[in-house]
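Chemist: got a predicted structure plus its sequence, pasted below:
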There are 2 protein chains.
Amino acid sequence: MRFPRAQNDRYLRVIDVLLFREKDPFAPINYSYQIEEILCKRKSKYNEIMVLKSPHFGKMLILDNVVQLTELDEYFYHEMLVHVPLHIHPSSRHIVIIGGGDGGALREVLKHEEVERVVLVEIDREVIEVSKSFLPTLSSGFGDPRVEVRMMDGADFIKTTGEEFDVIFVDSTDPVGYAKSLFTNQFFTDAFSVLKPDGIFVAQTESLHFHRDFVCNVQHKLAQKFKLVDLYTISIATYAGNWWTFSIASKEYNPRKKPRKCKIPTKYYAEDVHINAFLPQSLKEKLLG
Amino acid sequence: MRFPRAQNDRYLRVIDVLLFREKDPFAPINYSYQIEEILCKRKSKYNEIMVLKSPHFGKMLILDNVVQLTELDEYFYHEMLVHVPLHIHPSSRHIVIIGGGDGGALREVLKHEEVERVVLVEIDREVIEVSKSFLPTLSSGFGDPRVEVRMMDGADFIKTTGEEFDVIFVDSTDPVGYAKSLFTNQFFTDAFSVLKPDGIFVAQTESLHFHRDFVCNVQHKLAQKFKLVDLYTISIATYAGNWWTFSIASKEYNPRKKPRKCKIPTKYYAEDVHINAFLPQSLKEKLLG
């Protein structure tokens, strides 16, 4: 029952990681973590980037005081973000990842042999650099010849690219500041345009416990463009509200249909997990009215 | 996107609610909450009891520095604890609730017309008193003529009662201190004995993210006595680890079978939510090996 203890008493101090509280002192829950060591702390043009070492969670990537991932449990998020749409689409060859500078989503995408090309569009070059230096288990995919990294705003990329894609992933920070542009009608319209006729769009869309209005808003906006819009969820211990949502929008394939057989190595994702993750219809109706 | 703010600036102070950290300063996550007001703070023989008012969560019941419930979201936990087994059992007439002094589980049990008698066994009389005074939406069931309240240790009650029950609920605090006795082989053996030949046992069994070994241990212990043992889960924002588990053990009815039709008013529970809550088999196998 007791939590794992660190093997020593090198606890330097407690860092309060205030989720969504950068400018608002009244967020519902304040998470804080004991850490052993500050491995990296720097300020880029877009973020204050930290890598902390926790005795329980391993290395943690923090952007602007919000936990982005921990080594212990990042696979829940990254596997579910990536493998759900890639098992709905029969053969995803061209992929774009908006955000995801840590490389976790990229690592999962590259497990799929049918993937021929991945464009990763990250606004903050330093997030990628930090991940390459401190998070090798996440950033392992950046050397893959199928990958092209673009350092620019994701919304601008989608608006201006001439390329077409099978699947678009939005692996963004919380929808404040520079990430706001990834949740607008304009962005969803542009995303629709660059998707192939059977393309799929998926985005992380915050917590059903804490950000229900936001989730609804995204679902309604997506439904104005896409034929099939749905929601799947997962419990994540280190994201505030933790009943985490992924909004999925599809031009042709029904996300609730039986997925294709999973042939890649995973720790959490499986066919029954995939099916189970979709929000029960009764809740979807209550939520979206 | 912003969190609801309180209508005034009566924030007195921040109280750190340290989950599982009463004696261990190295728990993985420390939750803290802004509060507007301390409505009640007293020490009983068993617990330090507080009722706090939060601008986001409403009233919060805290025992020994651990959040037991909040007015905003208690229904997720109480509906799932109660309505899953009561929709698996075809007609539960005699019920025992171990713990649950706040009255939330009792309120949900009493929604079922077929229930003739409920014994609620709470070790701490003052928890019930506090709930009656400060949490009327939870404690509304204590006046129901079908209810008998016993102020004693739950394990002792189960060992010594001559009565038989259709369903046993364990709605306990975390399995430390006085609640430890509710997770032993002896207790599970005694619970098996007082259940009717088609009886069902269900207990809250902590988080899959933070207490996986504990969950496994309970599942294995239950499987030594009961033919059918299973696990269902829910995301709860205010419980540390929040991928919360209920362990269910049944003498006759398979918990994974289609439940009976839900005819009572609920906010979260529904037939599809019930089915969806059971841990996917692939995860159950990974978890329990």
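Modeler: Great, that's in hand.

Chemist: stretch A:58-70 near chain B anywhere?
Modeler: No. Figure legend: stretch A:58-70 not in contact with chain B (C-beta under 8 Å from any C-beta of the partner chain); closest approach 9.3 Å. From N, CA and C alone the C-beta is placed, and that goes for glycine too.

Chemist: how deep is the residue in the stretch 51-200 of chain A that chain B sits nearest to tucked in, by neighbour count?
Modeler: Of all residues in the stretch 51-200 of chain A, A:His56 sits closest to chain B, at 3.7 Å by C-beta to the nearest C-beta. Around A:His56 sit 20 other residues, with neighbours defined as other C-beta atoms under 10 Å in any protein chain shown.

Chemist: likewise for A:Asp144?
Modeler: Taking other C-beta under 10 Å as the neighbour definition, A:Asp144 ends up with a count of 13.

Chemist: would you confirm that it contacts A:Val109?
Modeler: No. Look at A:Asp144 against A:Val109 with C-beta atoms under 8 Å: they stay out of range, at 9.6 Å.

Chemist: shared neighbours of the two, anything?
Modeler: Common neighbours of A:Asp144 and A:Val109, using C-beta atoms under 8 Å, 6 or more residues apart in numbering or on different chains, are A:Val118.

Chemist: residues in contact with A:Gly199?
Modeler: By C-beta under 8 Å, 6+ apart, the contact list for A:Gly199 reads A:89, A:164-168, A:250-251.

Chemist: hmm, try it at 10 Å
Modeler: Listed by C-beta atoms under 10 Å, 6 or more residues apart in numbering or on different chains, the contact partners of A:Gly199 are A:85, A:89, A:92, A:94, A:164-168, A:191-193, A:226, A:249-253.

Chemist: just those residues that are near chain B?
Modeler: The subset of the contacts of A:Gly199 lying close to chain B, counting by C-beta under 10 Å from any C-beta of the partner chain, is empty.

Chemist: just the ones of those in helices?
Modeler: Cross-referencing those with the helices (criterion: DSSP state H) gives A:85, A:191-193 as the overlap.

Chemist: can you give me the strands for chain A?
Modeler: Taking DSSP state E to define them, one finds strands in chain A at A:13-17, A:30-35, A:37-43, A:48-54, A:58-63, A:66-70, A:94-99, A:117-121, A:147-150, A:165-171, A:195-207, A:228-235, A:243-250.

Chemist: possible to save these as CSV with mean pLDDT and distance to B:Arg125?
Modeler: Below are the strands of chain A laid out as CSV (pLDDT from 0 to 100; distance: least, C-beta to C-beta, whole Å):
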stretch, mean pLDDT, distance to B:Arg125
strand A:13-17, 38, 37
strand A:30-35, 77, 33
strand A:37-43, 92, 47
strand A:48-54, 91, 40
strand A:58-63, 93, 43
strand A:66-70, 91, 41
strand A:94-99, 98, 53
strand A:117-121, 98, 60
strand A:147-150, 98, 64
strand A:165-171, 98, 51
strand A:195-207, 96, 37
strand A:228-235, 97, 35
strand A:243-250, 97, 35
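
Chemist: so A:Val66 sits against A:Asp174, correct?
Modeler: Yes. Proximity of A:Val66 to A:Asp174 meets the contact threshold set by C-beta atoms under 10 Å, at 6.3 Å.

Chemist: and for A:Lys261, the neighbour number?
Modeler: Taking other C-beta under 10 Å as the criterion, the count of residues near A:Lys261 is 7.

Chemist: ignore the last one, A:Arg107
Modeler: As a measure of burial, A:Arg107 has 22 neighbours, counting by other C-beta under 10 Å.

Chemist: that one contacts A:Val115, correct?
Modeler: No. Counting by C-beta under 10 Å, A:Arg107 sits too far from A:Val115 to count as a contact (11.8 Å).

Chemist: show me what contacts the closest residue to A:Thr189 other than its chain neighbours?
Modeler: Computed as C-beta to C-beta, 6 or more residues apart in numbering or on different chains, the closest residue to A:Thr189 that is not its neighbour in sequence is A:Lys225, at 6.1 Å. When the contact criterion is C-beta under 10 Å, 6+ apart, the partners of A:Lys225 are A:185, A:188-193, A:195, A:201, A:249, A:251.

Chemist: sorry, back to before: relative to B:Tyr46, which of the strands of chain A is closest?
Modeler: Relative to B:Tyr46, the nearest member of the strands of chain A by C-beta to C-beta is strand A:30-35, separated by 28.1 Å.

Chemist: who are the packing partners of that closest one?
Modeler: Based on contacts counted as 3 or more C-beta pairs under 10 Å, 6 or more residues apart in numbering or on different chains; DSSP states H and E, the elements that strand A:30-35 packs against are strand A:13-17, strand A:48-54, strand A:58-63, strand A:66-70, strand B:13-17, strand B:30-35.

Chemist: for the spatially most central residue of chain A, name its beta-bridge partners.
Modeler: What sits nearest the mean C-alpha location of chain A, by C-alpha atoms, centre = their mean, is A:Asp171, with 3.5 Å. For A:Asp171, the beta-bridge partners under DSSP bridges are A:Gly99.

Chemist: sorry, back to before: so can I have TSV of the strands of chain A showing distance to B:Lys257?
Modeler: Conversion of those to TSV gives the following (distance: least, C-beta to C-beta, whole Å):
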stretch	distance to B:Lys257
strand A:13-17	43
strand A:30-35	38
strand A:37-43	50
strand A:48-54	42
strand A:58-63	40
strand A:66-70	37
strand A:94-99	40
strand A:117-121	43
strand A:147-150	47
strand A:165-171	37
strand A:195-207	32
strand A:228-235	24
strand A:243-250	26
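
Chemist: which of those strands sits closest to B:Thr160?
Modeler: Proximity to B:Thr160, assessed across those by C-beta to C-beta, is greatest for strand A:228-235 (38.4 Å).
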